[in-house]
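Q: Quick one: sequence and predicted model below, then my questions.
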Amino acid sequence: MPGKTESVFEFWLRPLTTLALIALAGLVAWAALSATAALAVVAVGCLLLVVFHLQNLAALERWLRQPELRAMPHGLGIWEGAFTGLYELLRTEIRSHQTLAATLERFQAAVKALPDALVVLDRRDRIEWCNSMAEAYLGLDSARDQGQQISYLLRQPQFSGYLNAQHYAEPLLLRSQHARETVFSIRLVPYGEEQKLLIVRDVTQREHVEAMRRDFVANVSHEMRTPLTVVGGFLETLIDTPSIDPARARHYLELMHAQTQRMQRLVEDLLTLSRLENTNTPLTEEEVDVRELLERLEDEARALSQDRHAIRVEIGSECALLGNARELTSAFSNLVSNAVRYTPDGGEIWLRWEKKGTEGVFSVKDTGEGIEAQHIPRLTERFYRVDRSRSRETGGTGLGLAIVKHVLSRHQGHLVIDSRLGRGSTFSAHFPARRLRCGPPETASPQTAADSSASA
Ligand code: ADP
């Protein structure tokens, strides 16, 4: 390496030149004066050389006690090279230290931003470090709890069992000590020299969905089993009794027919729900003439009611509704059918379309049995019923309001339920202003609304 040879050469050049100069001065003194004079000249030269090196060495020793860039001594000769080399070395070190500190800072910021809790444990399961999510999820304090045994702070027996079992392939599901409804997935990952990384993730939502899925499968199976058992029982009787009385056989067939209709309704509602829940099903939109829709719903209600209720229609707005006619019909029809089914004979039912503020509101009001406040938030859950037997007797599937909720949310709307036990209920579907088309009425004649109200 030419560079290196050159620098080694340069290094030796100056001291050797100095020594050569001292030797030359000695020789000149010898030639001009005497051998003693020569020795004296060489001795003084060497002494000066030693003093020079000692001075630089002292400067270096002083600087090493407090090595700062700006306090670096300036040397002469070989010391200049040595001090420059040291200066460069220190500067490079300071730069790499700064780079390392910045990288560490970025890394810590990234770890802080993680949505999961992280705790670093040493070989004895004592906390070395934790991020802010660990403080939030597990109630740890990164400063106070450093060096503490993790099992003293996470006192649940399942966790201690998981920690001691040392089989960390599967995560542990644990309810939070502080908020029981929160579920954590806890995972230990061994790394380095018997250290462990404790990763805690909030899986409450995932567990909730999973529980809903399990409930749903159980509910569907249960709903199907009852009619299937009835149909199976009657069929068995018919097979085992060849000489059965025809009137009796007919009665059985009618009962079986009712059960198959019930299963059919359930399957239809399930298919509707699954279509609505499938986010890939696009919402095809059109301007729905609400007046016309209400007239059809009124006919439906009358057919279902068989004159047992007084049914009125009130149209307070001529606005059309932008949406999917089939879905809206299905949702509104569920509300109307519920009002008929849960209102005792002699009751009254109002179907109303109006503009409230900027919103379009379709509501169905009844003077029926009403609902206790505690049930109201759960009514749109699939298969949630206040009175199971009344729902079944009247042909309910327990899915009607779940369908309504989905249809409304696909139309950026929402359902408001106002009910008082023994007094009746109002179910209102609210639609945002952008779903309303409030131009002059195109087809419907205002006379129809008056007729509908009057006919009730
Ligand atoms: P169902 O098929 O059982 O009627 P829904 O999802 O349509 O299912 O309604 C859920 C429950 O809400 C019903 O079982 C009933 O208890 C209650 N409910 C719905 N509408 C009314 C109403 N108008 N009056 C009283 N209770 C109602």
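A: Here it is on my side, so go on. Numbering: from 1, shown residues only.

Q: CA only for contacts and neighbour counts going forward, please
A: OK.

Q: burial measure for G395, as a count.
A: Around G395 there are 16 other residues, counting by other Cα atoms under 10 Å.

Q: and it, that one's in a helix?
A: No - using DSSP: H, G, I helix; E, B strand; the rest coil, the secondary structure at G395 is coil, not a helix.

Q: Check which element follows the host helix or strand of G45 along the chain.
A: Using DSSP states H and E, G45 falls within helix 35-65. Beyond helix 35-65 in the direction of the C-terminus, DSSP H and E gives the next helix or strand as helix 78-113.

Q: Please name every helix or strand in contact with the helix or strand harbouring V336.
A: Element membership of V336 [criterion: DSSP H and E] is helix 325-341. In this structure, helix 325-341 packs against helix 290-305, strand 348-356, strand 359-366, helix 400-410, with contacts taken as 3 or more Cα pairs under 8 Å, 6 or more residues apart in numbering; DSSP states H and E.

Q: For L276, give me the pLDDT.
A: pLDDT for L276: 91.

Q: Thought V407 was touching it, still the case?
A: Yes - contact between L276 and V407 holds when scored by Cα atoms under 8 Å: they sit 6.9 Å apart.

Q: which one of these two has more residues nearby?
A: Per other Cα under 10 Å, whichever of L276 and V407 has more neighbours is V407, with 28 against 20.

Q: follow-up on the earlier one: for the helix holding G45, buried residues please.
A: Going by neighbour count (16 or more other Cα atoms under 10 Å), the buried part of helix 35-65 is 37-39, 41-42, 45-46, 49, 53, 56, 60.

Q: Turn the residues you listed into TSV, including distance to the ligand and pLDDT.
A: Output for these, formatted as TSV (distance: Cα to the nearest ligand atom, whole Å; pLDDT from 0 to 100):
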residue	distance to the ligand	pLDDT
A37	122	93
A38	120	94
L39	118	94
V41	116	94
V42	114	94
G45	110	93
C46	108	94
L49	104	91
H53	98	92
N56	94	92
L60	88	92
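
Q: For this structure, what lies in contact range of the ligand?
A: The chain comes close to the ligand at residues 338-339, 342, 368-371, 379-380, 384-387, 391, 396-402, 425, as judged by Cα under 6 Å from any ligand atom.

Q: hmm, 5 Å instead?
A: Residues of the chain lying near the ligand by Cα under 5 Å from any ligand atom: 338-339, 342, 370, 385-387, 391, 396-401.

Q: And these, which of them are buried?
A: Neighbour counting by 16+ other Cα under 10 Å classes 338-339, 342, 370, 385, 391, 396-401 among the residues of the chain next to the ligand as buried.

Q: How many residues are close by L173?
A: Applying other Cα under 10 Å, I find that L173 has 18 neighbouring residues.

Q: quick check, it in a helix?
A: No - counting by three-state DSSP, L173 falls outside a helix, being strand.

Q: tell me the contacts of it?
A: Shown in contact with L173 (Cα atoms under 8 Å, 6 or more residues apart in numbering): 183-186.

Q: if we can go back for a sec, using pLDDT, spot the least trustworthy of the buried ones among the residues of the chain next to the ligand.
A: Among those, S391 carries the lowest pLDDT, at 85.

Q: Looks like that residue contacts Y384 (just checking).
A: No - look at S391 against Y384 with Cα under 8 Å: they stay out of range, at 10.2 Å.

Q: what sits in contact with each of the two?
A: G398.

Q: which secondary structure elements does the helix or strand containing G26 contact?
A: Assessed by DSSP H and E, G26 sits inside helix 2-32. Secondary-structure packing of helix 2-32 (3+ Cα pairs under 8 Å, 6+ apart): helix 35-65, helix 78-113.

Q: and those as JSON lines, adding distance to K355?
A: Below are the helices and strands packed on helix 2-32 laid out as JSON lines (distance: least, Cα to Cα, whole Å):
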{"stretch": "helix 35-65", "distance to K355": "84"}
{"stretch": "helix 78-113", "distance to K355": "46"}
